[in-house]
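Novice: next come a sequence and a model predicted from it.
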Amino acid sequence: MDIVTLAQAAEQTITNQGYGAIGYGLAAIGPGIGIGILVGKTVEGMARQPEMAGTLRTTMFLGIAFTEALALIGIVAGFLF
């Protein structure tokens, strides 16, 4: 292999690494929107029925944990692939 071919291969590797970061950035939008909707609806439910605030809050935190798990799976998948 000559020097030009090695330089082109290195350039291609650097470019492909950048696509993973862009892909994860786009994938993080989904859980962000999901958490925003989840918290907004929980606050709305607490305003409508204040006596259910404790139950709604617990359910909200569980939903946030599951939604954040999707984001963490996305970042791990980005590192693996």
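Specialist: Yep, that arrived.
Novice: quick one: the helices in this protein, in order.
Specialist: Listed in chain order, the helices of the chain (DSSP state H) span 3-27, 29-48, 53-80.
Novice: residues touching stretch 41-48, excluding its own?
Specialist: Applying Cβ atoms under 8 Å, 6 or more residues apart in numbering, the external contacts of stretch 41-48 come out as 52-53, 56-57, 59-60. The way it works is simple: take the backbone N, C-alpha and C, and place the C-beta from them, glycine included.
Novice: let's see that with 6 Å instead.
Specialist: Contacts made with stretch 41-48 from outside it, assessed by Cβ atoms under 6 Å, 6 or more residues apart in numbering, are listed as 53, 56, 60.
Novice: go through it and flag the buried ones.
Specialist: Buried positions in stretch 41-48, judged by neighbour count with 16 or more other Cβ atoms under 10 Å: 42, 45-46.
Novice: repeat for stretch 51-67
Specialist: For stretch 51-67, a neighbour-count test (16+ other Cβ under 10 Å) marks 56, 60, 63-64, 67 as buried.
Novice: any chance of the residues you listed in CSV with pLDDT and distance to Leu26 as columns?
Specialist: Supplementary listing: the buried residues of stretch 51-67 in CSV, determined by pLDDT from 0 to 100; distance: Cβ to Cβ, whole Å:
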residue, pLDDT, distance to Leu26
Leu56, 94, 31
Met60, 94, 26
Gly63, 91, 22
Ile64, 92, 21
Thr67, 87, 16
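Novice: of the residues you listed, closest to Gly32?
Specialist: Using Cβ to Cβ, Thr67 comes nearest to Gly32 of those, at 9.0 Å.
Novice: these two touch, right, that closest one and Gly30?
Specialist: No - Thr67 lies out of contact with Gly30 (Cβ atoms under 6 Å); the separation is 8.8 Å.
Novice: ok so, going back, tabulate the buried residues of stretch 51-67 (CSV), appending distance to Ala77.
Specialist: As requested, the buried residues of stretch 51-67 are arranged in CSV below (distance: Cβ to Cβ, whole Å):
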residue, distance to Ala77
Leu56, 32
Met60, 26
Gly63, 21
Ile64, 20
Thr67, 16
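Novice: closest one of the residues you listed to Ile22?
Specialist: For these, the minimum distance to Ile22 (Cβ to Cβ) is 21.6 Å, reached by Thr67.
Novice: thank you kindly, that will do.
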